[in-house]
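J.: here is a sequence with its predicted model. Questions after.
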Amino acid sequence: MKLSEDHNAGTYMINGYEAEGIIINQRTYSSSLIVSNHRLLENWPMQEISQLSTENLAPILELEPEVILIGTGSTLIFPPPTSYTNVIQSGLGIEFMDSVAACRTYNILLSEDRRVVAGIIL
């Protein structure tokens with residue numbers, strides 16, 4: 001599914017999501033990752049949402065987002081709130097959605113100059 005054809009230099013824009021992986025700036029990634037406006041962290045060690053923990057959220061928090069999106073894979077699965085208590089306590093927004101929806105939402109928030117970070121489980 002093609003999501004966007006635009007991208008600015010130095011910006012990580014999600015161009016599409018396919019069975020093979022996620023396309024960012026015309027390159028396909030086949031493992032879970034974290035993406036923000038100016039950073040892309042490959043090989044995020046999340047293979048399913050049940051693995052969500054303070055430890056797995058740490059690289060996202062280091063990017064100082066105002067909004068966190070977590071793409072939970074092909075279907076929306078809500079993790080237990082205890083797995084992201086540190087995010088709730090910090091006052092940050094965190095949203096869970098299937099990975100295709102997270103990719104679309106990421107691009108929308110990015111276009112609004114929001115400090116969005118998405119963790120996409122593939």
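T.: Structure's in. What do you need?

J.: show the contacting residues for residue 48.
T.: For residue 48, the contacting residues are 73, 121, by C-beta atoms under 8 Å, 6 or more residues apart in numbering. Backbone N, C-alpha and C define where each C-beta goes, glycine included.

J.: what does residue 47 give?
T.: Applying C-beta under 8 Å, 6+ apart to residue 47 gives the contacts 32, 121.

J.: how about residue 92?
T.: Shown in contact with residue 92 (C-beta under 8 Å, 6+ apart): 61, 65, 66, 67, 68.

J.: give me the below-cutoff pLDDT ranges for the protein.
T.: Residue ranges of the chain with pLDDT under 70: 1-10.

J.: mind listing the strands for it?
T.: Applying DSSP state E to the chain gives strands spanning 14-18, 21-24, 27-29, 33-36, 40-41, 67-71, 93-97, 116-120.

J.: between those strands, which gets nearest to residue 77?
T.: Judged by C-beta to C-beta, the one of the strands of the chain that comes nearest to residue 77 is strand 93-97, at 7.5 Å.

J.: tell me what angle the closest one forms with strand 67-71.
T.: Inter-element angle recorded for strand 93-97 and strand 67-71: 20 degrees (by axes from the mean of the first three to the mean of the last three C-alpha atoms, to 10 degrees).

J.: can you list the buried residues in strand 93-97?
T.: Buried residues in strand 93-97, counting neighbours by 16 or more other C-beta atoms under 10 Å, are found at 94, 96, 97.

J.: no more questions from me, cheers.
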